[in-house]
Each structure stands twice: as structure tokens, then as C-alpha cells.
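**Q** Got a predicted structure plus its sequence, pasted below:
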Amino acid sequence: LDAVRESSGVPVCPAPQRSSGDAVIYRWYPGTDDGSLARGRLELRFTAARLTDALRRVEDVTRALVGEGDSAIVGEGADAVLVIRVPEGGGSGYIRGAGLYFVKAGFLASARSGTGGT
């Protein structure tokens, strides 16, 4: 999540928290763990008063996580995490009560078990 914090420039918080302004809200879905490799899915929901701001943040964070492609390794050594952008968890909309737009992006993450990298 450090890469998300650094590249988004807005508060990052876990779901189901709600934000009254620009933020990234994340949800982690644990997947498999065979004792040597742990996998899961990360869903990021970008909220902003302007849709263009949310879309820009999605692009900035995606570039930080996977570069110009669909996958990349984030971190180094035992803390390295393979991140792959996937369509699952994606979407967009408007939160009426809050007056905010949101855009969601989904990523698969794989890391060595027990490293805390995911």
C-alpha cells in the first residue's frame, strides 16, 4: 500500500470506511496460500469531487503498481510482490449522498508467504 499512498497523494483507508472527500479506499480479498506463495486480490476505490481527478489517480496508481503494462514486481527481495491488473473489481459511479464520483480498479497480488508484502 505504500506505492498507492505515494502515487495517489490522498488519504488511503480500508473499506468499509467512507470518505467525505478525495481518497483511496482499499479492500483486500485473501486468496490462496500454499505455505510458500500467498495470493489475493486488491480492490481500490478512488473517490473525488470531480470524475477527472478520480480517473487521474487511477492512472497514477496503476502506473506506480504495474508501469505501462499489466503486471510488474513491486518491492525488492523477500518483500517483492507480483502485481497484475485485472478487470475484476473495476467499475465507476456516483455517490449521491456524498456528492463524490468513484472509480474502482482491481489487482491480483502474489508474494512469498509470511512476508507481509501483500
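**A** That came through fine. Numbers count the residues shown, from 1 in each chain.

**Q** From here on, just use CA atoms for contacts and neighbour counts.
**A** Noted.

**Q** Strands of the protein, start to end?
**A** Per DSSP state E, the chain carries strands over the ranges 12-14, 23-33, 37-48, 71-74, 81-95, 100-112.

**Q** Could you list the residues in contact with the fourth one?
**A** So that's strand 71-74. Leu65, Val66, Ala80, Val81, Leu82, Val83, Ile84, Arg85 (Cα atoms under 8 Å, 6 or more residues apart in numbering).

**Q** residue ranges with poor pLDDT in this protein?
**A** Flagging of the chain using pLDDT under 70 yields the residue ranges 115-118.

**Q** most centrally placed residue in it?
**A** By Cα atoms, centre = their mean, the chain has its centre lying nearest to Leu44, at 3.8 Å.

**Q** Report the spatially closest residue to that one, excluding sequence-adjacent ones.
**A** In space, Leu44 comes closest to Tyr26 once its chain neighbours are excluded; the distance is 4.6 Å by Cα to Cα, 6 or more residues apart in numbering.
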